[in-house]
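S.K.: Show me the folded form of this:
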Amino acid sequence: MRALLPLLRTGRGWRAAAQPAAGARVASRPLRAMALYRTEERGQPHSEDYRVFFKNVAGHYISPFHDIPLRVEPKQNLFNMVVEVPRWTNAKMEIATKEPLNPIKQDVKHGKLRYVANIFPHKGYIWNYGALPQTWEDPRQTDESTNCCGDNDPIDVCEIGSKVLTRGEVIPVKILGILALIDESETDWKLIAINANDPDASKFDDIDDVKKFKPGYLEATLNWFRYYKVPDGKPENQFAFNGEFRNKAFALEIIKSTHDHWKALLMKKCDGGAINCTNVQVCDSPFLCTPEEARSFVESKLSSSWNKENSEEEQIWHFLGK
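M.R.: Residues are numbered from 1 along each chain as shown. Got it, this is the predicted structure:
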């Protein structure tokens, strides 16, 4: 088998910006967190060996789970979101929490790559879907508001802006609210957020603004999470708070709690089980590795496998509801 060369994808703004002349006025610019990171794909999409690795501005491999900061601006409601799944796609991509450097990969269950079903009228995921770095829903901690333990993953984000984003993008988001999905007796929080660079971002400050400016979107979100496992023969999902969305203030407290759990994990103050905590930039962490060690992890992931099984999965439609 021949080894595949890595495919590089970079965000706009990767090159250093020209410096303004002395005394010149500088217009305000949108935040571009992606300028600090780029991605490298190894293996072929829709195969079990496909991975998306992350690099920082210095060109060193990093973990999107541990090395990308949670906040964009500490004094503002702006957080970094790692995009795992672009809107309207079906492949269930996720940060590989149990692998060194935690690349994005496609989830596998019972030996098959996972895809979410098309549940009429929705094609795949109905938002850009991803996670907040440096958060962890501890499976050994019972959440006071849901009385269920965490799901052992970074906290999930549903980004509701107008642009279809790219897998591996790192974008600044405004947090608007949160939904408490109960998945097989585990708390699986779903944050509602909007890209801070979206043309309409200034209109959105809290969950009620979603109801006002995107009517029906929260109801569609609730139904999507309620039914998305039904085509696989599973029962409807359940929710805490009778499926009501909590506001921004509540969501920020959940983020703080999951960030604290992540800090305990990275400092080896709790048992993370199979979670891989290898990182390049968390200086006090006992799991810190060198850039050279990080590169060796990545170089071991060369592959040439190929799988086209998604073509039929993505075309099937399911009609559900009562």
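
S.K.: Now Ser202, what are its backbone angles?
M.R.: Taking degrees, to the nearest 10, you get phi -70, psi -20 for the backbone angles of Ser202.

S.K.: Name all residues that make contact with it.
M.R.: Contact criterion Cβ atoms under 8 Å, 6 or more residues apart in numbering gives no residues in contact with Ser202. Where C-beta positions appear, they are placed from N, C-alpha and C, glycine not excepted.

S.K.: ok so Thr135 is a helix residue?
M.R.: No. When the secondary structure is assigned by DSSP: H, G, I helix; E, B strand; the rest coil, Thr135 falls in coil instead of a helix.

S.K.: Return the helix or strand in this structure with minimum mean pLDDT.
M.R.: None of the helices or strands of the chain scores lower by mean pLDDT, DSSP states H and E than strand 7-10, at a mean of 43.

S.K.: could you point out which element follows it?
M.R.: Past strand 7-10, further along toward the C-terminus, the next helix or strand under DSSP states H and E is strand 37-42.

S.K.: That next one pairs with which strands, and in what direction?
M.R.: For strand 37-42, the paired strands and their directions (DSSP bridges) read strand 7-10 (antiparallel), strand 51-56 (antiparallel).

S.K.: now it: how far from the chain's centre is it?
M.R.: Centroid separation for strand 37-42 versus its chain: 15 Å, with Cα atoms, centre = their mean, to the nearest Å.

S.K.: and that strand, what's its mean pLDDT?
M.R.: The average pLDDT within strand 37-42 is 95.

S.K.: One more: stretch 198-217?
M.R.: What stretch 198-217 shows for mean pLDDT is 98.

S.K.: Make 13 the starting number, not 1.
M.R.: Got it, first residue is 13 now, which makes that one stretch 210-229.

S.K.: Pull out the buried positions in that stretch.
M.R.: When neighbours are counted by 16 or more other Cβ atoms under 10 Å, the buried residues of stretch 210-229 are found to be 210, 213, 216, 218-219, 221-222, 226, 229.

S.K.: For that stretch, what is the distance to the chain centroid?
M.R.: From the chain centre to the centre of stretch 210-229 is a distance of 21 Å (Cα atoms, centre = their mean).

S.K.: What of stretch 181-199?
M.R.: How far stretch 181-199 lies from its chain's middle: 9 Å, per Cα atoms, centre = their mean.

S.K.: Only C-alpha atoms, please: export that stretch in PDB.
M.R.: Only the C-alpha atoms of stretch 181-199 are listed here, as PDB (Å, rounded to 0.1, in the frame of the first residue of the first chain):
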ATOM      1  CA  GLU A 181     -12.300  25.400  11.600                       C
ATOM      2  CA  VAL A 182     -11.800  27.200  14.900                       C
ATOM      3  CA  ILE A 183     -14.200  30.100  15.200                       C
ATOM      4  CA  PRO A 184     -15.200  32.600  18.000                       C
ATOM      5  CA  VAL A 185     -18.800  32.100  19.100                       C
ATOM      6  CA  LYS A 186     -21.300  33.900  21.400                       C
ATOM      7  CA  ILE A 187     -23.000  31.600  23.800                       C
ATOM      8  CA  LEU A 188     -26.800  32.000  23.800                       C
ATOM      9  CA  GLY A 189     -28.300  29.100  25.700                       C
ATOM     10  CA  ILE A 190     -28.200  25.400  26.400                       C
ATOM     11  CA  LEU A 191     -30.300  22.200  26.100                       C
ATOM     12  CA  ALA A 192     -29.900  19.300  28.500                       C
ATOM     13  CA  LEU A 193     -30.100  16.100  26.500                       C
ATOM     14  CA  ILE A 194     -30.200  12.900  28.600                       C
ATOM     15  CA  ASP A 195     -28.500  10.200  26.500                       C
ATOM     16  CA  GLU A 196     -28.600   6.700  28.000                       C
ATOM     17  CA  SER A 197     -28.800   8.200  31.500                       C
ATOM     18  CA  GLU A 198     -25.900  10.600  30.800                       C
ATOM     19  CA  THR A 199     -26.000  14.400  30.700                       C
END
